[in-house]
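[1] coordinates only, sequence not included:
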C-alpha cells in the first residue's frame, strides 16, 4: 500500500534562515508527488509537483523539492524563509500508478517562522 | 466564481441528524473531489467525480456517506445519521484538464457533531 510520512510535525526557524521539510513515501508503482501549503483560514494551494523529467522541481514562492527515487524521498527546501511562509505544509502522492487526482497526504508539517 | 466555493463554512449538528455540504467548483472543471481532514491529520480522499458520475467512491467510510453531482457542476456531500466521529473539515477540490496534476481546493466546511 502507498503511504506518505512527513518526518517533522513542527519546524521552527528564524526568518531568512534556510529550511527543509522532509517527506518520505512508499509505493510499488510509479509515483506523482506534490507539496501543498495551507495558510491560516485558507484552502490548500499547490506549491510544486513532480510528474516526470527533472528530479529537481521548482515551485512558487521560492520553494523547490528534489525527487530521490532510491531514498523514496521528496524533501521541500527554501534557502531563505519569510514570516509569510508560516503555514501548514502537506506532502502527497498520487494513489495508484496514474495521476487521477486521488492523493494520499502526509500528516503535515507546521512551519513556524520567527522574526 | 474565481475559486472553489464551499457552504456552509461551519456546521454544528446533533448526533443522528442529517447533513448536506455543498461544493461549487471552478467553472469548466470536469473533475471534482471530496476529502476529509480530521484534526492534526492530512486530508483523506473520499470520492471523486468525472462529470456527473462518481469515478471512484472507494474512500467513503460507510453507507451513511453519499455524494451527488447531477449536472456535472455543483456537488453535494450527504451524511446520514451523523456520529461524533464524523466531525472534521470536509474539503472539496476541482481539476481542469487531465494530467495537469493540480487540484484547486476550497476553504472547507467544518462539521461538528455534538
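    Nice, thanks for sending it over. The shown structure was predicted, so the numbers you read here are calculated from the model rather than taken from an experiment. Numbers count the residues shown, from 1 in each chain, chains lettered A, B, ... in the order given.
[2] residue ranges of the strands in the chain, please?
    Because you didn't say which chain, this covers chain A. In chain A, the strands defined using DSSP state E lie at A:3-6, A:10-14, A:19-21, A:23-26, A:33-38, A:44-50, A:56-58, A:64-68, A:73-78, A:87-94, A:103-105, A:109-114.
[3] ah, I was thinking of chain B
    Applying DSSP E to chain B gives strands spanning B:5-7, B:10-13, B:19-24, B:31-37, B:44-50, B:53-56, B:65-68, B:75-79, B:88-95, B:104-105, B:109-113.
[4] Make TSV from the strands of chain A and add distance to residue B:37 and mean neighbour count to it.
    (Glycine included, C-beta is placed from N, CA and C.) What follows is the strands of chain A, written out as TSV (distance: least, CB to CB, whole Å; neighbours: other CB atoms under 10 Å in any protein chain shown):
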stretch	distance to residue B:37	mean neighbour count
strand A:3-6	14	17
strand A:10-14	18	13
strand A:19-21	18	19
strand A:23-26	18	19
strand A:33-38	9	24
strand A:44-50	9	20
strand A:56-58	25	14
strand A:64-68	22	18
strand A:73-78	20	21
strand A:87-94	10	24
strand A:103-105	8	23
strand A:109-114	14	17
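[5] Kindly provide the distance from the closest residue to residue A:107 other than its chain neighbours to residue B:21.
    Leaving out its chain neighbours, the residue that sits closest to residue A:107 by CB to CB, 6 or more residues apart in numbering or on different chains is residue B:42, at 5.2 Å. Residue B:42 is 19 Å from residue B:21, where distance means CB to CB, to the nearest Å.
[6] Let me know the pLDDT of the residue nearest to residue A:75 when sequence neighbours are not counted.
    In this structure, residue A:75 finds its nearest non-sequential neighbour in residue A:22, 5.1 Å apart by CB to CB, 6+ apart. Among the per-residue scores, residue A:22 holds a pLDDT of 97.
[7] partners of the residue nearest the centre of chain B in the sheet?
    What sits nearest the mean C-alpha location of chain B, by CA atoms, centre = their mean, is residue B:34, with 3.3 Å. Beta-bridge partners for residue B:34, by DSSP bridges, are residue B:47, residue B:92.
[8] Please look at it and residue B:76 and confirm they touch.
    No: with contact defined as CB atoms under 8 Å, residue B:34 does not count as touching residue B:76 (9.9 Å).
[9] list the residues that contact both of these two?
    B:23, B:67 (CB atoms under 8 Å, 6 or more residues apart in numbering or on different chains).
[10] Would you mind pulling up the elements that the lowest-mean-pLDDT helix or strand in chain B packs against?
    Each helix and strand of chain B was given a mean pLDDT (mean pLDDT, DSSP states H and E); the minimum falls on strand B:53-56 at a mean of 90. Counting contacts by 3 or more CB pairs under 8 Å, 6 or more residues apart in numbering or on different chains; DSSP states H and E, strand B:53-56 is packed against strand B:44-50.
[11] and the angle for the strand it packs on with strand B:31-37?
    Relative orientation of strand B:44-50 versus strand B:31-37 (axes from the mean of the first three to the mean of the last three CA atoms, to 10 degrees): 170 degrees.
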